[in-house]
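Q: Sharing a sequence plus its predicted fold:
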Amino acid sequence: MDLVSLAQHRYTTKAFDATRKVPAATLQALLEQLRNSPSSVNSQPWHFVIAQTDQDRARIAKGTENGFAYNQAKILNASHVIVFCTRTHMPEEHLQAVLAQEACDGRFHTDQARAGQDGSRRGYVDLHRFEQKDLQHWMEKQTYLALGTLLLGAASLGVDATPMEGFDSKVLDAELGLRERGFTSLVLVSLGYRSSEDFNAGLPKSRLPAQSLFTFL
């Protein structure tokens, strides 16, 4: 299926078949897509927590107990749930780790190129930290790029997905010990296969027409 067809046919699953599991090889392919997601100046300000077992998913579902109960079944009946986490700050050790990995992967042919990349990334981080004062929001936007990568990737592999912001991040952060590690939960994605009771599967997709969305100069 081509990319346009994938975009036209993927949708947000409302009910999962709890008896069907995503194969390990398929999950690994999706995680590799996540690892290769784009981010501004390759900042990669994210972390992903994967819940695979019934017990794991029950821990994630604790974040839906107060006011978000409508999302519990989408978590508990899914095959896997991925918690998309964003850094709460941009520490020096992370900047150094990203630079070292780029060097290891052969991205720099000279010391000048390495210094240039390091300076550019730090420039953007400092711009959002000090001038625009929106570093957290900037890092969250990078994490949403990874979300888009996963959703289209899941569709390409025949896996159904449900992105969810309806959960208590404070509760989930505490359950997973995220803030102590310098992260906070941003969005959840349940993965699996749709149930025959999923009403949304049979509804036509609805988007605004192209003429109202695109302006050609």
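A: Received it, and whenever you're ready, just let me know what you need.
Q: Just the CA trace of stretch 139-154, in CSV.
A: Output in CSV follows, covering the C-alpha atoms of stretch 139-154 (Å, rounded to 0.1, in the frame of the first residue of the first chain):
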residue,chain,number,x,y,z
MET,A,139,11.2,19.5,23.2
GLU,A,140,7.5,18.3,23.2
LYS,A,141,7.1,19.3,19.6
GLN,A,142,10.0,17.1,18.7
THR,A,143,8.4,14.2,20.5
TYR,A,144,5.2,14.7,18.5
LEU,A,145,7.3,14.2,15.3
ALA,A,146,8.1,10.8,16.6
LEU,A,147,4.4,10.2,17.3
GLY,A,148,3.6,10.8,13.6
THR,A,149,6.4,8.5,12.6
LEU,A,150,5.0,5.7,14.7
LEU,A,151,1.4,6.1,13.5
LEU,A,152,2.2,5.9,9.8
GLY,A,153,4.7,3.1,10.5
ALA,A,154,2.1,1.1,12.4
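Q: Give me the mean pLDDT for that stretch.
A: The pLDDT scores in stretch 139-154 average 98.
Q: buried stuff in it?
A: Met139, Glu140, Gln142, Thr143, Tyr144, Ala146, Leu147, Thr149, Leu150, Leu151, Gly153, Ala154 (16 or more other C-beta atoms under 10 Å). (Glycine included, C-beta is placed from N, CA and C.)
Q: what's in contact with it?
A: 3, 6-7, 10, 29-30, 33-34, 36-40, 43-46, 48, 82, 84-87, 90, 160-161, 163, 186-187, 189, 191 (C-beta atoms under 8 Å, 6 or more residues apart in numbering).
Q: which residues are in contact with stretch 196-214?
A: Outside stretch 196-214, the residues that reach it (C-beta under 8 Å, 6+ apart) are Gln8, His9, Tyr11, Thr12, Thr13, Lys14, Ala15, Phe16, Asp17, Arg194.
Q: Could you check how far the residue positioned nearest the centre of the chain is from Arg121?
A: Centroid-nearest residue in the chain: Leu147, 3.5 Å away (criterion: C-alpha atoms, centre = their mean). Using C-beta to C-beta, to the nearest Å, Leu147 is found at 22 Å from Arg121.
Q: So which elements touch the helix or strand harbouring Val171?
A: Using DSSP states H and E, Val171 sits in helix 169-176. With contacts defined as 3 or more C-beta pairs under 8 Å, 6 or more residues apart in numbering; DSSP states H and E, helix 169-176 has these neighbours: helix 54-61, strand 183-192.
Q: I'd say Gln136 and Val125 touch.
A: No. At 11.8 Å, Gln136 does not count as touching Val125 under the criterion of C-beta atoms under 8 Å.
Q: out of those two, which sits in the busier spot?
A: Val125 (20 against 17; other C-beta atoms under 10 Å).
Q: I'd assumed Glu92 was in contact with that one.
A: No. Counting by C-beta under 8 Å, Val125 does not reach Glu92; the two are 10.3 Å apart.
Q: Quick check: closest non-adjacent residue to Met164.
A: In space, and not counting its chain neighbours, Met164 is closest to Leu188: 4.5 Å by C-beta to C-beta, 6 or more residues apart in numbering.
Q: check contacts around that neighbour.
A: Ile60, Gly63, Asn71, Ile75, Val81, Ile82, Val83, Phe84, Pro163, Met164, Glu165, Phe167.
Q: can you tell me which of these are in helices?
A: Ile60, Ile75 (DSSP state H).
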